[in-house]
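K.L.:
Need coordinates for the following:
(chains A and B)
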Amino acid sequence: MKLAVVGKGGSGKTTTSSVIARTLARSGKAVVALDCDSNPNLGISLGVGDAETERLVSMRESLDEGDEEHAPTWETLLSRYGSDAPDGVRLAVVSRIENPDPG
Amino acid sequence: MSPEQLLGSVEFTSDEVVVADFEAGVGTLTRLEEQRVDTVLVVVEPTPKSLEVGQRATQLAKDRLVGRVVVVANRIRTEADLETVRAAFPGVEVVAVPDDPKIVEADRKGVAPIDLAPDAPAVVALVGLARGLVPSPN
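P.N.:
Take a look at the predicted model:
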């Protein structure tokens, strides 16, 4: 099942995502939490802490500086660029590589 | 890969869930191809700007034929707040999450709301929402 959480910045998207991810993990689902925000802080709300959240974001940024053809697959993203959050949630940061918006 | 490409690149069983916290605004949703997500949670608070973004997101989600759209009415203080949100989304499922100082406290402390205050009204509302999103085990 794929769940997307959307809304204006500051509306509570990240809090909503974090409680839903943790709750579904507690109910026995294998949960991947994907932080797609340009200001990634889902890790903090999931409970991995500030330092680990920062580490994931900087790792992801260095990855984005590489060639697009080396963009990781889903499995690589989760295994090498992800982090374990409480209740068994696997967290990965997915920043946007291309920018189709003009300007 | 971009979030929308990633979401299209994998299939999941009923025991697997991806919760994707999209970028602020509707950008990712505009690039999402049809049926790449099963459920879209549109998080709004009862302010005109937030409702406007939420309405655009809801329309995009409907146009793209996602299975289910749920509006999460966040920071609800009064019955009038909730009515404001309901009026902005006729015919759409709305779940209320009360305004809750514990959420602000968790933010300030840099901890998970579900760890800091599992019994806080907003957390309880979101836990209830989560349980209603997936089929029950039995």
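
K.L.:
Residue A:18 reaches residue A:45, doesn't it?
P.N.:
Yes - Residue A:18 is in contact with residue A:45 according to C-beta atoms under 8 Å; the separation is 3.6 Å. Backbone N, C-alpha and C define where each C-beta goes, glycine included.

K.L.:
Just give me the residues shared between the contact sets of those two.
P.N.:
Taking C-beta atoms under 8 Å, 6 or more residues apart in numbering or on different chains as the criterion, residue A:18 and residue A:45 both touch B:112, B:113.

K.L.:
Give the bridge partners for the spatially most central residue of chain A, please.
P.N.:
The centroid of chain A falls nearest to residue A:35 when counting by C-alpha atoms, centre = their mean (2.4 Å). Here residue A:35 shows beta-bridge partners residue A:93, residue B:21, assigned using DSSP bridges.

K.L.:
Next one, pLDDT for the residue nearest to the spatial centre of chain B please.
P.N.:
In chain B, the residue lying closest to the centroid (C-alpha atoms, centre = their mean) is residue B:41, at 2.9 Å. Looking at residue B:41, its pLDDT is 96.

K.L.:
if I pick residue B:100, what's in contact with it?
P.N.:
Residues near residue B:100 by C-beta under 8 Å, 6+ apart: B:117, B:120, B:121, B:122, B:123.

K.L.:
I meant to write residue B:92 there.
P.N.:
Residue B:92 sits next to B:58, B:69, B:70, B:71 when contact means C-beta under 8 Å, 6+ apart.

K.L.:
What about the residues you listed, which one has the most neighbours?
P.N.:
Counting neighbours by other C-beta atoms under 10 Å in any protein chain shown, residue B:71 comes out on top of these with 25 neighbours.

K.L.:
Would you mind checking the average pLDDT for the helix or strand where residue A:51 lies?
P.N.:
Using DSSP states H and E, residue A:51 sits within helix A:50-64. Helix A:50-64 carries an average pLDDT of 83.

K.L.:
Next, the buried residues of the helix or strand following it.
P.N.:
Using DSSP H and E, the next helix or strand after helix A:50-64 towards the C-terminus is helix A:74-81. Neighbour counts using 16 or more other C-beta atoms under 10 Å in any protein chain shown place A:74, A:77, A:78, A:81 of helix A:74-81 among the buried residues.

K.L.:
Contacts for the helix or strand that helix A:74-81 is followed by, please.
P.N.:
Next in sequence after helix A:74-81, counting helices and strands by DSSP H and E, comes strand A:82-84. The contact list for strand A:82-84, computed with C-beta under 8 Å, 6+ apart, reads A:32, A:43, A:48, A:52, A:55, A:56, A:90, A:91, A:92.

K.L.:
And these, which is closest to residue B:11?
P.N.:
Of all those, residue A:32 has the smallest distance to residue B:11: 13.0 Å, by C-beta to C-beta.

K.L.:
In helices only, show me the contacts of residue B:92.
P.N.:
Under the assignment DSSP state H, these contribute residue B:58 to helices.

K.L.:
Could you list the low-pLDDT ranges of chain A?
P.N.:
A:64-71, A:95-103 (pLDDT under 70).

K.L.:
Swap in 90 and give it another go.
P.N.:
Scanning chain A for pLDDT under 90 picks out A:1, A:9-10, A:36-40, A:54, A:56-81, A:93-103.
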